[in-house]
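**Student:** quick one: sequence plus predicted model below, questions after.
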Amino acid sequence: MLGGAIATILCRPDLLSQAIKGALNFTGFYFLFFSAMAAAHPGFVTLYWNHANISGLQICRDSGG
């Protein structure tokens, strides 16, 4: 996705501000979705995501297990 964004900006520099706005919107909605899932279904994140294989970091403590 990053490669596609870079290629788009190189070809169409006028779309830079829209690309940044879209990236920020996506990040916000994604964060809200995961926050809601973690609140509604404790243990969801640790059940389906293997943090050790990704980065080892977890921002919120998941109370499920």
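**Tutor:** All right, it came through fine.

**Student:** quick one, helices of this structure?
**Tutor:** Secondary structure of the chain (DSSP state H): helices at 2-11, 16-40, 44-48, 51-54.

**Student:** what is the distance between stretch 14-21 and the centre of its chain?
**Tutor:** 18 Å (CA atoms, centre = their mean, to the nearest Å).

**Student:** give me the mean pLDDT for it.
**Tutor:** Per-residue pLDDT over stretch 14-21 has a mean of 92.

**Student:** ok, residues contacting that stretch?
**Tutor:** 5, 8-9 (CB atoms under 8 Å, 6 or more residues apart in numbering). Quick note: C-beta positions are derived from backbone N, CA and C, even for glycine.

**Student:** any of those buried? List them.
**Tutor:** The neighbour count (16 or more other CB atoms under 10 Å) marks nothing among the contacts of stretch 14-21 as buried.

**Student:** point out where the chain drops to low pLDDT.
**Tutor:** Applying pLDDT under 70 to the chain picks out residues 51, 56-65.

**Student:** let's see it at 80
**Tutor:** Flagging of the chain using pLDDT under 80 yields the residue ranges 44-46, 48-65.

**Student:** still on that earlier bit, out of the contacts of stretch 14-21, which is nearest to residue 52?
**Tutor:** Nearest to residue 52 out of the contacts of stretch 14-21 is residue 5 (CB to CB; 28.6 Å).

**Student:** what distance do you get for that closest one to residue 38?
**Tutor:** Going from residue 5 to residue 38 by CB to CB, to the nearest Å gives 28 Å.
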